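Undergrad: Test case, fold it:
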Amino acid sequence: MAERLPTLFCDGIIEANVTHGVVRITLGQVMGDGKAVACGQLILPLAQMAGTANAMANLVKQVQERIQEAAKAQAAAPDGAQTPSAFKFS
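TA: Numbering: from 1, shown residues only. Sure thing, here's the model as predicted:
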């Protein structure tokens with residue numbers, strides 16, 4: 001049986017720092033009062049930061065493309081037809 005990975009929801013980054021070649025990015029959730037509170041930390045080797053950032057940027061591009069495709073399909077679909085609202089990327 002596969003182990004479940006920890007899941008974090010974040011609205012953004014509160015802070016980040018680099019110490020001894022390790023990047024620590026504190027993730028935050030915006031609460032009802034509009035203030036962000038720490039909800040977790042992403043830690044990775046500095047040598048992997050550029051690759052990770054590039055992978056995230058590529059994911060953003062892919063998501064934007066899928067959203068545009070879904071919007072076009074919705075516009076071309078007959079009344080009431082549904083287009084996918086979830087996408088999976090590998």
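
Undergrad: which stretches of the protein form strands?
TA: In the chain, the segments counted as strands under DSSP state E are 12-19, 22-30, 36-45.

Undergrad: out of those, nearest to Thr52?
TA: Ranking these by proximity to Thr52 (C-beta to C-beta) places strand 36-45 first, at 6.1 Å. The way it works is simple: take the backbone N, C-alpha and C, and place the C-beta from them, glycine included.

Undergrad: just the angle between that closest one and strand 12-19, please?
TA: Relative orientation of strand 36-45 versus strand 12-19 (axes from the mean of the first three to the mean of the last three C-alpha atoms, to 10 degrees): 40 degrees.

Undergrad: counting contacts, what elements does strand 36-45 pack onto?
TA: Secondary-structure packing of strand 36-45 (3 or more C-beta pairs under 8 Å, 6 or more residues apart in numbering; DSSP states H and E): strand 12-19, strand 22-30.

Undergrad: Could you dump these into JSON lines and include distance to Ala38, mean neighbour count and mean pLDDT?
TA: Converted to JSON lines, these look like this (distance: least, C-beta to C-beta, whole Å; neighbours: other C-beta atoms under 10 Å; pLDDT from 0 to 100):
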{"stretch": "strand 12-19", "distance to Ala38": "6", "mean neighbour count": "11", "mean pLDDT": "96"}
{"stretch": "strand 22-30", "distance to Ala38": "5", "mean neighbour count": "16", "mean pLDDT": "96"}
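
Undergrad: Tabulate those strands in JSON lines, adding columns for distance to Pro45.
TA: Output for these, formatted as JSON lines (distance: least, C-beta to C-beta, whole Å):
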{"stretch": "strand 12-19", "distance to Pro45": "10"}
{"stretch": "strand 22-30", "distance to Pro45": "6"}
